[in-house]
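Asks: No letters, just coordinates:
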DNA sequence: CGTCGTACTTAGTAGCCACCGC
DNA sequence: GCGGTGGCTACTAAGTACGACG
């Protein structure tokens, strides 16, 4: 029911104080690395200053000319982790000889013993990791153990305790987390890939071994007492037809199934699966009665809920076993978690929004549809007995382990690694570095597009106005999409005339543009924005002589825009603006909202408010929680009760005062005082409840998670936590800490985005 | 240039589960 | 113990981007 989404009031102008960025670089007291890094610190300083001062490559070149040890020092681990990786890749062309090691991978190895890093990641010529140079203490690399979830947590904690304090010799209140944890004894050490080299030859890995995907469970035919009726008459379906019928039956009380498109698509695809007699008999969906099937599945899920603890445990154990067996792969000597190791089961396609293909049958994927990607020298995953993979390939220019083509849109689906993996983490880190580069030149670009608003060429004006929107409103790029293949949604470049309204004057503001369109996932974007006069005039121009359904930017698309952006800055694309604006907003908001003397919950509230500002900017919405109304009502009853109490208390005060008037007595005086106190207390409680209510109200349709996970440079949050002594667990849950391990490890309290 | 195929990121939701107050 | 509730994870759809090709 995507239509129940509502408005986004993105009145976040104020968040964009474009000109108010304050760069506070407290170099002097920021070097709190582990002792062993100390000697490098002055270098970091140099480097960082240079980085800030310009934005070309030249500065870096000289570094690479230096010799080993020194070069290395330059590169690694700025206290803020600001190594410019993409820049380096140009310089560091030398390719390391990669070694493939088979290294005792027997079925599901719980522990991967590590090779000496030098063997594996190094070319003699390339830069080295920092650790290498304290050769004495660093030799063969430790054991890697990256499965075992339970231990992992402990491990991480341990690290937090053991390492951070060392690094941050004095660390302010920073380590609240400190004492509180029982130091568990895992000796192993988490792999810090961020302290290592990256490949520069475009290869994504040099060794990859995995067990392949877990296929979807085969279809289990219904018991014979569960019947299907057509036109009132019972009918036994062939297994193929029955399976598809069950997909529908399972969704019976979902709104989807009432939709015309859904029914049509379903029925069409269902008929394709029917045997010919079935096909000739079953011609009208309305005459189909799936109720018994539906009831059956409901009963099943009830039964599942009512299962004994033991049975539930059994399932849990089995899942865990599958996870251990298929949930990990070996990539370049490390055991890494796979994100989605299960093949998507068949079912009915549920598109979002008004999707023309909703209800279509999502086919069962067979081994013959599946492409496996792994190392030549690795133990290849075996297809299920009696089947074959479509192909086994060895492409180390890509990161996926398994792929197949889905039948609805013809899109390719992949099995890839978890966000905590090196391969995802590096990319993520790089993304934020690109956004930080944008920060350095964003003013230049803004001046540029302002100029371009005046261009004689229509395409340039359009490009400039679109870019203005992308920058100011954090709109998505807006690739064009094939009509009829998916829901009608747009982004910036694909905006149509009908999606905006122009008001020369509205609500006391001049030159207001009103946006109203469906964006990704058919989430509505609604916003009224005052714009600069030139933009406004341009928009009028772009809309001249056009129909509502015509493109607003008819001379522009994402590839033109991105090509232009590439010329302005390396690696710059439209989506970088979203990342940049999100992160910079968080940083500013945190600065603004955090007050030093607040207590911990208040600080966390401030963090969430800052986070919320970003979510609003990016229009990250969620469906109102189903229980929202009710829980809100509960809160309201509480508030009402409080109000009653309060007015009672006030009345008490009054009567006490009256009493006091009649008889001036110490006792009555006291009574008045205590009654007054009671009133105050109640007022305070009431206020708290009301704040809570507004808070929840404000958040009801805003999803904070997306921005936290995808747009906010985690180092900003980590730094903020360190600065104010907030335990990181208050901000990031376990998964998030795993994903952002690199940032947690490298960012210090003075990190500046 | 536009189109297509591919790879990878970003997105919201369903449903499970741990925890909380009673 | 119980039911509500909020957090989290798994899932998979829907974006962006880019290179090859004609």
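Replies: That came in fine, so what should we check first? Quantities reported herein were computed from a predicted structural model and do not represent experimental measurements.

Asks: hmm, stretch A:199-211 touching DNA strand C?
Replies: No - residues of stretch A:199-211 are not located near DNA strand C by Cβ under 7 Å from any atom of the strand, the shortest gap being 9.9 Å. Just so you know, the C-beta spots here come from the backbone N, C-alpha and C atoms, and that holds for glycine as well.

Asks: all strands for the stretch 451-600 of chain A, in order.
Replies: Defined through DSSP state E, counting those that start in this stretch, the strands belonging to the stretch 451-600 of chain A, from first to last, are A:500-506, A:509-518, A:524-530.

Asks: which residues does residue A:594 contact?
Replies: When contacts are counted by Cβ atoms under 8 Å, 6 or more residues apart in numbering, residue A:594 touches A:603, A:606, A:607, A:720, A:724.

Asks: Residue A:653 contacts residue A:677, doesn't it?
Replies: No - the pair residue A:653 and residue A:677 does not pass the contact test of Cβ atoms under 8 Å, sitting 9.8 Å apart.

Asks: Tell me which of those two has more neighbours.
Replies: Just comparing residue A:653 and residue A:677: by other Cβ atoms under 10 Å the higher neighbour count belongs to residue A:653, 19 against 12.

Asks: Tell me which residues touch that one, please.
Replies: Counted by Cβ under 8 Å, 6+ apart, residue A:653 has contacts A:672, A:675, A:676, A:679.

Asks: which stretch of helix or strand covers it?
Replies: Taking DSSP states H and E as the definition, one finds residue A:653 inside helix A:628-662.

Asks: ok, now residue A:720?
Replies: Here residue A:720 sits within helix A:714-724, counting by DSSP H and E.

Asks: Now that helix: average pLDDT?
Replies: If you average the pLDDT over helix A:714-724, you get 96.

Asks: do the same with stretch A:649-664
Replies: Along stretch A:649-664, the predicted local confidence has a mean pLDDT of 84.

Asks: got it, and stretch A:539-553?
Replies: For stretch A:539-553, the mean confidence score works out to 95.

Asks: That one near DNA strand B at all?
Replies: No - against DNA strand B, stretch A:539-553 shows no contacts by Cβ under 7 Å from any atom of the strand, the least distance being 11.7 Å.

Asks: Ramachandran coordinates for the residue nearest to residue A:534 when sequence neighbours are not counted?
Replies: Sequence neighbours aside, residue A:453 is the residue nearest to residue A:534 in space, at 4.4 Å (criterion: Cβ to Cβ, 6 or more residues apart in numbering). When quoted as degrees, to the nearest 10, the phi and psi of residue A:453 stand at phi -60, psi -20.

Asks: now swap in residue A:738 and tell me
Replies: The phi/psi pair for residue A:738 (degrees, to the nearest 10) is phi -70, psi -40.

Asks: Likewise for residue A:392?
Replies: Backbone phi and psi, for residue A:392 under degrees, to the nearest 10, turn out to be phi -120, psi 120.

Asks: Let me see the contact set for it.
Replies: Each residue near residue A:392 by Cβ under 8 Å, 6+ apart is listed here: A:371, A:372, A:373, A:374, A:380.

Asks: and the stretch 601-750 of chain A, which residues reach DNA strand B?
Replies: A:618, A:619, A:620, A:621, A:622, A:623, A:703, A:705, A:706, A:707, A:710, A:711.

Asks: Point out where the stretch 551-700 of chain A drops to low pLDDT.
Replies: In the predicted model of the stretch 551-700 of chain A, residues A:688, A:691-692 satisfy pLDDT under 70.

Asks: Quick check: closest non-adjacent residue to residue A:679.
Replies: Setting aside the residues directly before and after it, residue A:679 is nearest to residue A:649 in space (Cβ to Cβ, 6+ apart), at 4.7 Å.

Asks: Just to check, that neighbour is in contact with residue A:677?
Replies: No - in terms of Cβ under 8 Å, residue A:649 does not count as a neighbour of residue A:677; the distance is 9.5 Å.

Asks: Filter the residues of the stretch 601-750 of chain A next to DNA strand B down to just the ones in helices.
Replies: A:705, A:706, A:707, A:710 (DSSP state H).

Asks: Now rank those residues by neighbours and give me the top one.
Replies: Most neighbours among those, by other Cβ under 10 Å: residue A:707, with 25 neighbours.

Asks: where do the strands sit along the stretch 301-450 of chain A?
Replies: If you assign secondary structure with DSSP E, counting those that start in this stretch, the strands in the stretch 301-450 of chain A sit at A:328-331, A:334-337, A:347-348, A:361-362, A:371-373, A:391-393, A:402-405, A:412-415.
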